[in-house]
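> test case, fold it:
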Amino acid sequence: MKLVQYLEEIVQFLRKYLEDAKAKTYILGLSGGLDSSVCAALAKKAVGKDRLLGVIIPINSMEEDALYARKLCRELDINYLVYDGTEVFNEFKKQALVAGLSLDKVNLGNLKARIRMAVLYAVSQEKHGLVIGTDNAAERYTGYFTKYGDGACDLLPIAHLLKSEVVAAAKMLNIPSEIIKRVPSACLFEGQTDENEMGVTYKDLDAYLLGKPVDEKVKDRIEHLHKISRHKVEAIPMAKPFEREEE
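Residues are numbered from 1 along each chain as shown. Predicted coordinates:
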């Protein structure tokens with residue numbers, strides 16, 4: 001199947017899912033990055049302007065993140081709101097110190113992601129909506145997302161697309177070129193990039209997922225990430241069922 005055909009299938013999936021769920025609207029966090037932009041464009045095609053709401057949630061963020069998110073909304077004609085989570089984040093850090101906790105930059109980055117998801121679900125409940133997740137195939141395979149943060153959602157429209165396919169989709173969907181060219185980053189802490197944090201490039205990840213040969217060290221790294229992150233995507237483990245004695 002050609003990518004353009006698959007994108008149309010995603011559009012149909014999004015349209016049908018919202019109707020079947022009897023929900024009023026889709027809620028989507030907009031970071032100014034590629035994945036959320038592609039999801040926004042697909043959702044807009046699926047359900048139109050009035051049934052999609054973008055949410056921009058700066059938390060000690062780079063100014064350009066919100067600028068790119070707003071640019072996307074202007075060019076694709078998407079309704080959006082801004083909820084600044086900086087004060088909540090700073091208060092959490094303050095109370096963590098009071099409690100004797102020292103949170104490293106990764107922990108604080110995950111906290112940002114979880115605050116954002118809390119905001120999205122608050123908005124979703126207010127608007128009788130469903131939250132769209134933005135993880136792609138590479139992120140799902142390696143577990144490169146925050147558990148109960150950006151990994152928490154009601155549906156995942158681009159979960160089967162490789163990063164290179166997301167880039168190709170963005171071009172087809174007329175995503176602003178500045179967004180397509182941005183270095184992939186979750187923007188959870190200063191200087192963070194996806195590839196540096198994962199220790200592997202998206203190019204190599206795509207090749208591996210396609211069954212193509214990659215360097216042995218790269219293969220080991222990808223398989224290690226996959227192994228240690230399964231708890232993020234599998235059902236929560238439970239003890240065996242309680243076999244009650246008959247009275």
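> residue 28 looks like it's in a helix, true?
No. Assigned with DSSP: H, G, I helix; E, B strand; the rest coil, residue 28 falls outside any helix and is strand.
> roughly how far apart are it and residue 58?
Counting by C-beta to C-beta, to the nearest Å, the separation of residue 28 from residue 58 is 16 Å. Every residue, glycine included, has its C-beta placed from N, CA and C.
> between those two, which is the more surrounded one?
In terms of neighbours (other C-beta atoms under 10 Å), residue 28 is the more surrounded of residue 28 and residue 58; the figures are 28 against 21.
> tell me the contacts of residue 235?
Neighbour list for residue 235: empty [criterion: C-beta atoms under 8 Å, 6 or more residues apart in numbering].
> let's verify it: helix, strand, or coil?
Classification of residue 235 by three-state DSSP places it in coil.
> give the contact list for residue 3.
Residue 3 makes contacts with 165, 168-169, 172, as judged by C-beta under 8 Å, 6+ apart.
> my guess is residue 61 meets residue 187, correct?
Yes. Between residue 61 and residue 187 a contact is recorded at 6.1 Å, counting by C-beta atoms under 8 Å.
> and the one helix or strand residue 80 maps to, how far out from the chain middle?
Per DSSP states H and E: residue 80 is located in strand 79-82. Averaging C-alpha positions (C-alpha atoms, centre = their mean, to the nearest Å) puts strand 79-82 17 Å from its chain's average.
> that one: partners in the sheet, and parallel or antiparallel?
In the sheet, strand 79-82 lines up against strand 52-56 (parallel) (DSSP bridges).
> quick one: contacts of the strand it pairs with?
Strand 52-56 is contacted by residues 25-30, 40, 43-44, 66, 69-70, 72-73, 78-83, 119-120, 123, 127, 129 when judged by C-beta under 8 Å, 6+ apart.
> dump that strand to CSV, keeping only the CA atoms.
Written as CSV, here are the backbone C-alpha positions of strand 52-56 (Å, rounded to 0.1, in the frame of the first residue of the first chain):
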residue,chain,number,x,y,z
LEU,A,52,-10.6,19.2,17.0
LEU,A,53,-8.9,21.3,19.7
GLY,A,54,-5.2,21.8,19.9
VAL,A,55,-3.7,22.5,23.3
ILE,A,56,-0.4,24.2,23.7
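> let me know the distance separating residue 107 from residue 93.
In this view, residue 107 and residue 93 are 10 Å apart by C-beta to C-beta.
> okay, and the helix or strand of the protein with the least pLDDT?
Sorting the helices and strands of the chain by mean pLDDT, DSSP states H and E puts helix 194-198 at the bottom, at a mean of 90.
> the closest residue to residue 198 other than its chain neighbours: neighbour count?
Take residue 198 and drop its neighbours on the chain: the residue closest to it by C-beta to C-beta, 6 or more residues apart in numbering is residue 144, 5.6 Å away. By other C-beta under 10 Å, the residues close to residue 144 number 23.
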